[in-house]
Each structure stands twice: as structure tokens, then as C-alpha cells.
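*Asks:* Sequence and predicted structure, then a few things I'm wondering about:
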Amino acid sequence: MTNSQPVVTPNALNFTPDNKHAYAYSGVMGITNTETTMIEFNTNSEYLKGKVLFSYVDNDTEDYRYRIYLNDTIVQVILQGRKDYDFMYEYAIPIIIPPFSNVKLTAQNIDNSNSRTQIASLTAEAFGMSETEYQ
């Protein structure tokens, strides 16, 4: 059985048919020097234990700032970019998201105004959901 939601739904949180996992994918987006929302959704009574991943679609040497917001409060900022940084490229960020939260993932090119393609994803185990009969 499959979920009826399209895979790329940046303004929604999707659940597997058994309600045990959740996911959100931004799809490919052009990111400039303006902070751009890549994924935004609200949780209900469930809480999520998962990972957020930001990554380049194109091979790039520019620097990016990625932000994770919970209820309009920044809870994580990641600087990723050129080879002269010691940060790991495409590092999955662990996160626990409480019930009734607004979640927003953003990206910004901090080198210049060039538009470069980026992608963001969130995958998580969902707790507190009604279980279904799907396996």
C-alpha cells in the first residue's frame, strides 16, 4: 500500500500508511542570498524523532547557511560550503520535534546572489499516531 500524497510536498508532512514514519522533501530549489523556506509544516499530536538533511544538487563551491526553526525559534544553524571548512558535507542532523510545532527549514547562499540548486529532506519515526493495519 502506498501513500496517496505526492513525494515532494514542501508544505506538508507526509506519513507512511502505517503511521509509523513521516517524511517531507523540498524537491530541487534555486537558493540565492535571500533566506528561502525549503520545507514548512505543522505537527499535530504526534512527535517525531528523525533527521534533517540539506544538500547541493549541483557541484558547488559557494557557502550556505541552513536554519531549522521550531515555532519561529532557530534551534539549529549549519554552515556548509567550500572545501576550506572543516564541516562535514551532507551531515544528517538529528532532531526531535514535539507535538503541535511549526517546523521550517531554510537555506541561504551567503557568498553571493547566484541561484544554486539545493534540496532538503526530513525523515522520522512518528510516535503518538493511531496505528493502522498496513504493514
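*Replies:* That came through fine.
*Asks:* Would you check that Leu79 makes contact with Arg67?
*Replies:* No: the pair Leu79 / Arg67 is not scored as a contact, 10.4 Å apart, by CB atoms under 8 Å. Every residue, glycine included, has its C-beta placed from N, CA and C.
*Asks:* Between those two, point out the one with more neighbours.
*Replies:* Arg67 (18 against 11; other CB atoms under 10 Å).
*Asks:* Next, that one: secondary structure please.
*Replies:* strand (DSSP: H, G, I helix; E, B strand; the rest coil).
*Asks:* For Ile78, which non-adjacent residue is spatially closest?
*Replies:* Leaving aside its sequence neighbours, Ile78 sits nearest to Tyr66 (CB to CB, 6 or more residues apart in numbering; 4.4 Å).
*Asks:* in terms of contact, does that neighbour touch Ile74 like I think?
*Replies:* No: applying CB under 8 Å as the test, Tyr66 and Ile74 come out as separate, 10.7 Å apart.
*Asks:* Could you check which of these two has the larger neighbour count?
*Replies:* The neighbour comparison of Tyr66 against Ile74 (other CB under 10 Å) goes to Tyr66, with 23 against 11.
*Asks:* Beta-bridge partners for that one, please?
*Replies:* Counting by DSSP bridges, Tyr66 forms beta bridges with Ile78, Ala107.
*Asks:* And the pLDDT for it?
*Replies:* On the pLDDT scale, Tyr66 is placed at 94.
*Asks:* Go through this structure and flag its longest strand.
*Replies:* strand 116-127 (DSSP state E).
*Asks:* Can you give the contact residues for that strand?
*Replies:* 13, 15, 19-31, 38-39, 46-58, 60, 62, 64, 66, 95, 97, 103, 105, 107, 109 (CB atoms under 8 Å, 6 or more residues apart in numbering).
*Asks:* if you set the cut-off to 6 Å instead, what comes out?
*Replies:* Residues outside strand 116-127 that contact it (CB atoms under 6 Å, 6 or more residues apart in numbering) are 21-26, 28-31, 38-39, 46-50, 52-55, 57-58, 60, 105, 107.
*Asks:* Okay, buried residues for it please.
*Replies:* 116, 118-122, 124, 126 (16 or more other CB atoms under 10 Å).
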